[in-house]
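Student: need coordinates for the following:
(one chain, ligands or ions: 1)
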Amino acid sequence: MAIQRVGILTGGGDCSGLNGVIRAVTRAAIIQCDAKVIGIEGGFEGLISGQTQELTIRSTKDILTLGGTILGTTNKGNPFDYRELDTDGSIKTTDYSDKAVETFKALKLDCLFVVGGEGTLEIGYKFYKKGIPVIGIPKTIDNDLEKTDYTFGFQTAVQVACDAMDRLQTTGKSHHRVMILEVMGRNAGWIALEAGIAGGAHIILIPEIEYKIENVIKKIQLRKKGGSPFSIIMIAEGAKQKGGDTIKAQEAAGRLQGVEKLGGVGFYLASQIEKEIDLEVRTTVLGHIQRGGSPNSFDRVLGTRLGSFAVDAAAQGKFGTMTALKTPDIVLVDLKDLAGKVRSVSVDSQLIACAESIGINMGRKAM
Ligand code: F6P
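Tutor: Coordinates of the predicted model:
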């Protein structure tokens with residue numbers, strides 16, 4: 001099937017590498033298919049408002065290394081359940097999905113590339129079921145998407161967190177302190193686990209393993225007794241104590257977003273440790289620094305491969321799919337197999353076994 005006009009949008013929280021995907025899709029669509037490429041602005045909101053820009057080889061030539069997304073994004077604008085403030089300040093929800101389909105048709109597009117994480121791809125799948133030829137491209141720093149080895153954006157976030165760990169190591173050691181680094185990831189511990197191992201953490205706490213505070217304290221005490229009166233703890237924002245709950249962020253909970261914000265578990269952990277140990281404890285929350293800035297080389301290559309493969313899939317009419325990394329290849333998987341699913345770290349994984357084998361305390365054993 002010849003594709004003549006294709007659309008692309010970026011949805012959900014941004015991450016490093018989005019622009020590399022936009023560039024790859026644009027270049028492959030123009031070079032391989034002689035197609036026009038329409039960038040839809042502000043995620044699915046652009047499909048409601050009709051706000052678009054034409055993407056060309058020239059307009060995308062300097063964006064490979066640029067953080068963020070030149071198309072803009074939002075994690076609010078779900079056209080099937082669009083949340084707006086009513087005149088009385090309450091939230092009203094409206095289904096604008098038919099309007100979005102009309103915009104797609106008015107733009108005379110042959111295909112829509114939806115670049116996003118689990119929530120965005122689920123919306124993409126709903127549009128596919130409404131007749132829009134959709135191809136998904138997997139993005140998220142959380143790395144929590146099924147059917148792909150990695151999402152782009154993740155490795156850059158891990159690098160940022162690892163760099164922060166390196167810095168906390170030196171200051172923590174100098175002051176004989178317990179240093180806690182809280183990282184993102186929602187209910188998945190991928191960033192904490194990989195960056196914790198890479199950054200030489202002594203304790204790593206992830207959502208998939210409810211931690212026992214006595215095990216955390218034991219590890220710090222053992223290190224102190226052994227002549228290392230400092231400890232570095234990596235904690236995922238979604239981590240929770242055995243029998244406890246996740247900690248919700250204090251900041252405004254994003255009413256229009258409709259999703260609870262996580263954050264603050266690092267401070268909670270610090271308060272627990274301080275009660276038991278005569279070492280000072282300091283907490284750093286890394287936050288959106290993990291999402292901004294230039295992508296590392298892994299994410300540039302992965303994003304380019306995912307984008308170029310998506311165009312190839314569109315040219316073959318393989319819609320309702322997502323491009324995915326199945327090392328060493330890029331493959332196509334069905335969007336229907338992803339909807340509503342999140343990939344967590346398996347508690348029996350080799351990665352966790354590896355961490356524990358070298359003495360990293362994961363909060364579940366006294367060691
Ligand atoms: O899903 C990506 C992510 O960065 C999560 O790790 C984090 O919990 C959330 O988005 C933060 O969202 P927001 O940018 O709305 O604060």
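Student: now the strands for this protein?
Tutor: For the chain, the strands defined by DSSP state E cover 5-10, 36-40, 52-55, 82-85, 91-94, 111-116, 134-138, 177-183, 203-205, 231-236, 280-285, 321-326, 329-334.
Student: and the longest one, how far out from the chain middle?
Tutor: Here the centre of strand 177-183 is set off from its chain's centre by 21 Å, with CA atoms, centre = their mean, to the nearest Å.
Student: close to the ligand, is that strand?
Tutor: No - Strand 177-183 stays clear of the ligand (CB under 6 Å from any ligand atom), getting no nearer than 8.3 Å. Every residue, glycine included, has its C-beta placed from N, CA and C.
Student: beta partners for the closest residue to Ala192 other than its chain neighbours?
Tutor: Nearest residue to Ala192, sequence neighbours excluded (CB to CB, 6 or more residues apart in numbering): Ala236, at 3.8 Å. Beta-bridge partners recorded for Ala236 (DSSP bridges): Val183.
Student: Ala236 and Glu194 touch, don't they?
Tutor: No - Ala236 is not in contact with Glu194 according to CB atoms under 8 Å; the separation is 11.0 Å.
Student: the more surrounded of the two?
Tutor: The neighbour comparison of Ala236 against Glu194 (other CB atoms under 10 Å) goes to Ala236, with 32 against 23.
Student: and Val331, how many neighbours?
Tutor: Neighbours of Val331 (other CB under 10 Å): 14.
Student: separation between it and the ligand?
Tutor: Distance from Val331 to the ligand, counting by CB to the nearest ligand atom, to the nearest Å: 24 Å.
Student: what does Ala100 give?
Tutor: 22 Å.
Student: cool, Ile70 as well?
Tutor: 18 Å.
Student: now Ala28: closest residue in space, sequence neighbours ignored.
Tutor: Per CB to CB, 6+ apart, closest to Ala28 is Val311, 3.9 Å.
Student: which residues touch Thr10?
Tutor: Leu18, Val21, Ile22, Gly43, Thr69, Leu71, Gly72, Thr73, Val115, Gly116, Lys139 (CB atoms under 8 Å, 6 or more residues apart in numbering).
Student: wait, isn't Ser49 in contact with Gly42?
Tutor: Yes - counting by CB under 8 Å, Ser49 touches Gly42, with 7.4 Å between them.
Student: higher neighbour count, these two?
Tutor: Counted by other CB under 10 Å, Ser49 and Gly42 do not tie: Gly42 has more neighbours, with 20 against 16.
Student: mind checking how far that one is from Thr69?
Tutor: Computed as CB to CB, to the nearest Å, the Gly42 to Thr69 distance reads 10 Å.
Student: and what of Ile220?
Tutor: 41 Å.
Student: ditto for Phe267
Tutor: The value you get for Phe267 to Thr69, if CB to CB is used, is 31 Å.
Student: neighbour count for the two, which is higher?
Tutor: Shown here are Phe267 and Thr69; by other CB under 10 Å, Thr69 has more neighbours (24 against 16).
Student: give the contact list for that one.
Tutor: Thr10, Asp14, Leu18, Asn19, Ile22.
Student: 6 Å - rerun?
Tutor: Applying CB atoms under 6 Å, 6 or more residues apart in numbering, we find Thr69 in contact with Thr10, Asp14, Leu18.
Student: which among the residues you listed gets closest to the ligand?
Tutor: Asp14 (8.0 Å; CB to the nearest ligand atom).
Student: for burial, what's the neighbour tally of the closest one?
Tutor: Asp14 has 24 neighbours, counted by other CB under 10 Å.
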